[in-house]
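*Asks:* Need coordinates for the below:
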Amino acid sequence: MEILKTKGIAKHFDGVHAVDSLSIGFEKGKITGLIGPNGSGKSTLINLLTGVIKIDGGLVVVGNNEEIKRLLPHEIADYGITRTFQDVHLFEQMRVLDNVLVVLTKRNVFASLFETHKKFHLARAEEVLIKVGLWEKRNELAKNLSYGQRKLLEIGRVLAMQNGFGDDSDIFFFDEPFAGLFPEMRKIVISVIQDLKQKGKTVILVEHNMDIIRELCDHLIVLDSGKLLAEGLPQHVLSQKSVLEAYLGE
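*Replies:* Okay, the predicted model is just below:
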């Protein structure tokens, strides 16, 4: 069953078709890899599906055939969608622990700073930070973390959005989460993604490392010039001549 799909979705920038009448779907409970050469439309597509930029044409269909013409960033959580970014988005002047606690409340950021956090919130934040290997850094300011630690903290914030009250996130977009990570950190992220799948979550993974794609992904979608080039099982897709020529330059 497809939990998220696009119907002829389009985005133009100064006449360039970044996403060109694209119709694809993401199956519930699966890890789908999204690959393609630079400029193929991967990041634009994610930004459209998470409300960062406006859709020029077509529809997004979420869950039980709910058709959406316009997504706004603050609304995506209502549809069970969350994401990471290539450029990490954190509250730099806040502690690592507070960066996680902020997303465990439905209040705005400033109100959450003055909220008395319940034992549940603190326990959940501890669980998440242990999961991403940052519990010992909980009292550090986010700005003082290394590049890799910052990426892990953003992933931890995404995990914290599964708050256990029946409105957990169901669809997770990971935009190049492995870029710049040391091997031990990569193992942590692999574990996080595999755990999400075991819980029945849907993961869309943008990644350039084909070994990771082969290890993690159930399905693979290849874009080129904003259009669908190929899709299917990773081992099958990655052996296609058109994919090798467009993506790998062979």
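*Asks:* And what about Gly180, helix, strand or coil?
*Replies:* Here Gly180 is recorded as coil under DSSP: H, G, I helix; E, B strand; the rest coil.
*Asks:* helix or strand right after the longest helix along the chain?
*Replies:* Assignment by DSSP state H gives helix 183-198 as the longest helix of the chain. On the C-terminal side of helix 183-198, the closest following helix or strand by DSSP states H and E is strand 202-206.
*Asks:* Send over the helix or strand just after that next one as PDB, restricted to the C-alpha atoms.
*Replies:* Downstream of strand 202-206, the first helix or strand assigned by DSSP H and E is helix 210-216. Only the C-alpha atoms of helix 210-216 are listed here, as PDB (Å, rounded to 0.1, in the frame of the first residue of the first chain):
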ATOM      1  CA  MET A 210      25.400   2.800  -3.300                       C
ATOM      2  CA  ASP A 211      26.700   0.300  -0.700                       C
ATOM      3  CA  ILE A 212      24.400   1.900   1.800                       C
ATOM      4  CA  ILE A 213      21.500   1.900  -0.700                       C
ATOM      5  CA  ARG A 214      21.900  -1.800  -1.400                       C
ATOM      6  CA  GLU A 215      22.100  -2.600   2.300                       C
ATOM      7  CA  LEU A 216      19.100  -0.600   3.500                       C
END
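*Asks:* Only the buried residues of helix 210-216, if you could.
*Replies:* For helix 210-216, burial by neighbour count (16 or more other Cβ atoms under 10 Å) applies to Ile212, Ile213, Leu216. All C-beta atoms are positioned from the backbone trio N, CA, C, and that covers glycine.
*Asks:* before we move on, what about stretch 85-100?
*Replies:* Phe85, Val88, Leu90, Phe91, Met94, Arg95, Val96, Leu97, Asp98, Asn99, Val100.
*Asks:* Tell me the one of the residues you listed nearest Leu205?
*Replies:* Of all these, Phe85 has the smallest distance to Leu205: 13.8 Å, by Cβ to Cβ.
*Asks:* what number of residues lie near the closest residue to the closest one other than its chain neighbours?
*Replies:* Ranked by Cβ to Cβ, 6 or more residues apart in numbering and with sequence neighbours excluded, the top spatial neighbour of Phe85 is Asp175, at 5.8 Å. For Asp175, the count of nearby residues is 20 (other Cβ atoms under 10 Å).
*Asks:* ok, Asp175 to Leu104 distance?
*Replies:* 22 Å (Cβ to Cβ, to the nearest Å).
*Asks:* before we move on, what about Leu4?
*Replies:* In terms of Cβ to Cβ, Leu4 sits 24 Å off from Leu104.
*Asks:* do the same with Ile31
*Replies:* According to Cβ to Cβ, Ile31 stands 25 Å off from Leu104.
*Asks:* ditto for Gln149
*Replies:* Noted for Gln149: a distance of 20 Å to Leu104, by Cβ to Cβ.
*Asks:* Look at those two and report which has more neighbours.
*Replies:* Set Gln149 next to Leu104 and count neighbours by other Cβ under 10 Å: Leu104 wins out with 23 against 20.
*Asks:* The more buried one is in contact with Glu127, isn't it?
*Replies:* No - with contact defined as Cβ atoms under 8 Å, Leu104 does not count as touching Glu127 (11.0 Å).
*Asks:* so the residue minimising distance to the centre of the chain is in which element?
*Replies:* In the chain, the residue lying closest to the centroid (Cα atoms, centre = their mean) is Phe173, at 1.8 Å. Using DSSP H and E, Phe173 falls within strand 171-175.
*Asks:* same check, this time on Val60
*Replies:* Following DSSP H and E, one finds Val60 within strand 57-62.
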